[in-house]
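1. Return a 3D structure for these sequence lines:
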Amino acid sequence: MPTDHIRYDVLARDALRGVLRKVLIDAAEHGLPGEHHFFITFISKADGVKLSPRLLAQYPEEMTVILQHQFWDLTVTEDRFEVGLSFNGIPERLVVPFASIKSFYDPSVQFGLSFETEAAAETPAAGTPPATTPAEALASPPAPPEAPAEGEAPKPGEGAEVVRLDRFRKK
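-> Predicted coordinates:
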């Protein structure tokens, strides 16, 4: 198989993260329109993620947050978003780099994006192709997790299942 010196997989992944960034910027500026709301799953210990020690102890691998009715101070920068949420009545401030996000899902319109995080892409399992392609991200949005209470994250091990469609890619 020829070597991809251009790295189309990385370009496509970054473009799709741009979609996520644009959606969050719009939500920060104008709020969530209609019934839109977001399930965002990210790697808890990825570089740049900031969680309280309490949340990190509860969700040491990954965490899914829901942005719907009760979130505040959503701030979006070039490489991350920050948001205030309440967990069991305790307000928390989360910092989540886009590179740490595994999936984004808006169940109101059945739209989702799945990403292989950069940490996983740097150390892929044997036989695992790198990065998510546009076909993967759009053809198979992650299934929504059982909806926990507003601002609450699901129990560890629960959440969206990321499905790889690389096997359909021509080699």
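2. Name all residues that make contact with residue 52.
-> Residue 52 sits next to residue 92 when contact means CB atoms under 8 Å, 6 or more residues apart in numbering. Using the backbone N, CA and C atoms, a C-beta is placed for each residue, glycine as well.
3. what residue ranges in this protein are flagged as low confidence?
-> 118-171 (pLDDT under 70).
4. just the helices in it please.
-> For the chain, applying DSSP state H gives helices covering 8-30, 53-58, 118-122, 134-139.
5. Pipe those helices into a markdown table and attach mean neighbour count per row.
-> As requested, those are exported to a markdown table (neighbours: other CB atoms under 10 Å):
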| stretch | mean neighbour count |
| --- | --- |
| helix 8-30 | 16 |
| helix 53-58 | 13 |
| helix 118-122 | 15 |
| helix 134-139 | 17 |
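6. closest to residue 46 out of those?
-> Among the helices of the chain, the nearest to residue 46 by CB to CB is helix 118-122 (5.9 Å).
7. The helices of the chain: which one's closest to residue 44?
-> helix 53-58 (5.9 Å).
8. Show me what that closest one packs onto, helices and strands only.
-> With contacts taken as 3 or more CB pairs under 8 Å, 6 or more residues apart in numbering; DSSP states H and E, helix 53-58 sits against strand 90-97.
9. helices or strands up against the strand it packs on?
-> Packing partners of strand 90-97 (3+ CB pairs under 8 Å, 6+ apart): helix 53-58, strand 80-87.
10. And the contacts of that strand?
-> Looking at what lies outside strand 90-97 - CB under 8 Å, 6+ apart - the contacts are 40, 42, 46-52, 54-55, 65, 73, 79-86.
11. Swap in 7 Å and give it another go.
-> 42, 46-52, 55, 65, 79-85 (CB atoms under 7 Å, 6 or more residues apart in numbering).
12. coming back round to it: same list as before, the helices of the chain that is, but in TSV and with distance to residue 100 included.
-> TSV is the format used below for the helices of the chain (distance: least, CB to CB, whole Å):
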stretch	distance to residue 100
helix 8-30	11
helix 53-58	13
helix 118-122	8
helix 134-139	16
